[in-house]
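[1] Turn this into a model:
(2 chains)
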Amino acid sequence: MPLDLHKIGVVAGAEFSSSVRTKSFLISLLALPLIMGGSVLLQVFMGSQVDTKPRRFVVIDDAQAFAPTIAKAVEGYNSQLDAAGGKASLPRFLLEPVPTAEADAAARALALSDRVRKGELDAYVEIVPGGEGPEAAPKIQYHSNNPNDDLLRRWVTETVNAEVRARRFRTAGIDQAVAERLSRPVATENLQLAERNDAGAVRKVDPVRTMALPAVLLFTVFLVVMTSGPQLLNSVIEEKMSRISEVLLGSVSPFDLMMGKLLGNAGVAMLLASLYLGAGYGVAVYHGYGDVISPGLLAALVGFLFLAVLLYGSLYMAIGAACNDLKDAQSLMWPVMVLSMLPVFTWTAVLKNPASPMSVGMSLFPPATPFLMLMRMAMQPAPPAWQVILGVVLATATALFCVWAGGRIFRTGLLMQGKTPTLTEMAKWAVKG
Amino acid sequence: MTAAIAIRGATKRFGSVTAVDRLDLTVPRGSLYGFIGPNGSGKTTTLRMIMHIILPDEGEIEVLGVRDTRAAHDRVSYLPEERGLYKRMTVRRLLRYFGSLKGARQPDLDRDIVHWLEVMRLPEWIDKRVDALSKGMAQKIQFIASVLNRPELLILDEPFSGLDPVNAEVLTDAVLELRKAGTTVVFSTHDMAVAERLCDRIFMIYKGQKVLDGTLDEIQARYGFDTIRVASDAGLDAFDGLGGIHEVHDRGNFQEVRFQGDPQDLLRTLIDRTRITRFEITRPSLHDVFVRIADPQEESSLEAPIHAA
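    Numbers count the residues shown, from 1 in each chain, chains lettered A, B, ... in the order given. You can find the predicted model right below:
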């Protein structure tokens, strides 16, 4: 079957210009980074928000071993907060007096629990003495009905632990200041390997280069695929729904039509990507990381991005060809969605062990290759050339297969009206034509 | 010179249904060929096979002398029955796209677009968006889209359906003009009057099989001169209890009957019964032929005479 390059070009040009002309292109251009950036900001903002309502609590320490220490520490803590002045970023602690009415421990615990339930208290802490001497280990029992709010619990733990440590040193007759100075930890430097031409140099591992860059590359490809793939699905469904497909099939072969649409869409995706990456590069230069991406890596990025768009575009297109409306498409889309999420689920594992059998296998799995192989190329140790080539060949073959199958499904689906095919039926059409 | 379309023994099955059954058909170049047949009889399947959109299970189809129809695509245009347009494009962009998909090149393409919009009386719509067009206008735009590549063979599936008489006339003139310029035109229609009026040759397909193929004269000759129009004082009652009468259609001022036997005998009998003001032996219309072939109820009613209204 000879390819009609002129017609592929005509279809690609029309697909490109009609996608770029739409409002949805502009919206998607702005919306995805906005949503992504917004959700990161929101998480950071929410994470830093602490409920500054004062925490009221009771310390039961029948032996009075730690209660005075805690009371003093509360005072110190609160006065430190007051000294910081302005808007409080941390809650004050209010130590409530211990009720003396009940002699029975169980009755007292019940009464205190009820006060917590009523909201008069946030927690009560019981300190169970743990004997005498350097080995002494008292128990701290923290009761509250909000176990996830660990602010007060951590503070009490630290306070009591500091006191226990000081007492142990005292009992053992050791000067605490000396002991702490002697047990100072030693740091490890995370360094790169020595190079032949510059053996003496010591180069620190830069987390921006080893962690951030691979992640940025991966998510750029992901972002572009998520934006452009579904557009292709819509465009194919529009043609089916407005009954243009038969007119088109009277002019071009299904394969040429699919190929043209795919290339036009890839053009849109590359435009999107160069806008995103241009902006990203601007930020990198601003922070002094202008050299972060080498020409070779840039070429790999462009290549794999193109491959990813072809691969996922062809998958979305095959689905569009099989559906009669968007509702059908939603239910048929999930397998492709899951495939494109796969690299997002596995990228941290690949980042830690880029040469492990799992990482190599995943990066050779065609739907994940454009993401993970690219990421591996941005990291040390770089993947061997044969793996890169094999990955590219497999992914290209998969994309071509999808275009071919999509074309056949498109042509067959044309004759099937009003019925959404099952995945098995689609497979049958692709095989039988 | 090879035929525009040569179909030999083409068969297409969809599952257990045989849509087209061992079809042979030759469409000579320069002819205007009408495809008729009831819904679901295989017209569209035949047209799609000619266009290579679907492939026959058996047999072969040659278009403009080429076996692999795709090679002839740019010389063959197809206006399907299921036809749509990109709603958000302007008329100009849409026609340029469809034209260049069919292999039309600039600057002829733009010139043809302007020319055809004038022929179709739509020149002021060139920069309007497609979704602003009425249904009839859209249909004319679809027609233009199919002729921009100056095809040698033009295949139209129900081109006149849904057009008002004025627009149908505009389209008819355009088709006749193309044919005068040498284009072979094949179209399917449900409108027997149009087929009778325009076509050189008529092809009828019924249940996937060819049942008629020839000029109107040939078809009418084959179906005999058995339709007789009678106007008499007695009206419908004149035919009560007469032998040899198959069907009686009351057309108001006259009755149309199908009579087996010598029409002279019928005339003699009728003169005895009533005063005859008109007695005409006519050819069956294409409509009658169509109904006779395609309506099995009519078929079974042949046995007993019925006074149908």
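
[2] what does the stretch 1-150 of chain B put close to chain A?
    B:14, B:48, B:51, B:53-55, B:70, B:73, B:77-80, B:82-89, B:97-98, B:100-103, B:142, B:145-146 (C-beta under 8 Å from any C-beta of the partner chain). Just so you know, the C-beta spots here come from the backbone N, C-alpha and C atoms, and that holds for glycine as well.

[3] Which members of these are classed as buried?
    With burial judged by 16 or more other C-beta atoms under 10 Å in any protein chain shown, the buried subset of those is B:48, B:51, B:53-54, B:70, B:73, B:77-80, B:83-86, B:89, B:97-98, B:100-103, B:142, B:145-146.

[4] Name the residues of the helix or strand hosting B:Ala231 that are buried.
    Here B:Ala231, judged by DSSP states H and E, is contained in strand B:227-232. For strand B:227-232, the neighbour count (16+ other C-beta under 10 Å) marks B:Thr227, B:Ile228, B:Arg229, B:Val230, B:Ala231, B:Ser232 as buried.

[5] do stretch A:378-387 as well
    Buried residues in stretch A:378-387, counted by 16+ other C-beta under 10 Å: A:Ala378, A:Met379, A:Pro383, A:Gln387.

[6] re earlier: let's see which of the buried ones among the residues of the stretch 1-150 of chain B next to chain A end up in strands.
    B:Ser77, B:Tyr78, B:Leu79 (DSSP state E).

[7] Pick out whichever of the residues you listed sits closest to A:Tyr316.
    Among those, B:Tyr78 lies closest to A:Tyr316 (C-beta to C-beta), at 27.7 Å.

[8] In contact with the closest residue to the closest one other than its chain neighbours, which residues?
    Distances taken as C-beta to C-beta, 6 or more residues apart in numbering or on different chains place A:Gly250 nearest to B:Tyr78, at 3.6 Å, with adjacent residues excluded. Applying C-beta atoms under 8 Å, 6 or more residues apart in numbering or on different chains, one finds that A:Gly250 lies in contact with B:Met51, B:Ile53, B:His73, B:Ser77, B:Tyr78, B:Pro80.

[9] B:Thr282 contacts B:Tyr223, correct?
    No: counting by C-beta atoms under 8 Å, B:Thr282 sits too far from B:Tyr223 to count as a contact (11.4 Å).

[10] In terms of neighbours, single out the busier of these two.
    Taking neighbours as other C-beta atoms under 10 Å in any protein chain shown, B:Thr282 and B:Tyr223 compare with B:Tyr223 leading, 18 against 13.

[11] any low-confidence regions in the chain?
    No chain specified, so I'll use chain A. A:1-2, A:32, A:85-88, A:101-103, A:133-134, A:198-200, A:413-423, A:426, A:429-433 (pLDDT under 70).

[12] wait, I meant chain B there
    For chain B, the stretches flagged by pLDDT under 70 are B:1, B:68-72, B:224-225, B:296-309.

[13] if we can go back for a sec, each with direction, which strands does the strand holding B:Ala231 pair with?
    Sheet pairing here is set by DSSP bridges, and for strand B:227-232 it gives strand B:255-259 (antiparallel), strand B:276-282 (antiparallel).

[14] Let me know which of the ones you listed is tucked in deepest.
    Of all those, strand B:255-259 carries the top mean neighbour count, a mean of 21, counting by mean count of other C-beta atoms under 10 Å in any protein chain shown.

[15] How is the chain partitioned into domains?
    Went with chain A since none was named. Using automatic domain parsing, the domain parsing of chain A gives A:55-177, A:206-432.

[16] Chain B was what I was after
    Looking at automatic domain parsing, the domains of chain B come to B:5-220, B:224-308.

[17] Let me have those in TSV, extended by distance to A:Asn265.
    TSV is the format used below for these (distance: least, C-beta to C-beta, whole Å):
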stretch	distance to A:Asn265
domain B:5-220	16
domain B:224-308	47
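
[18] wait, what's in contact with the residue nearest to the spatial centre of chain A?
    Geometric centre of chain A, nearest residue: A:Val344, 6.8 Å, by C-alpha atoms, centre = their mean. By C-beta under 8 Å, 6+ apart, A:Val344 lies in contact with A:Leu218, A:Phe219, A:Phe222.

[19] Could you list the contact residues of chain A toward chain B?
    Proximity of chain A to chain B (C-beta under 8 Å from any C-beta) is limited to residues A:6-7, A:10-11, A:14, A:18, A:22, A:238-239, A:242-244, A:246-253, A:411, A:414-415, A:433.
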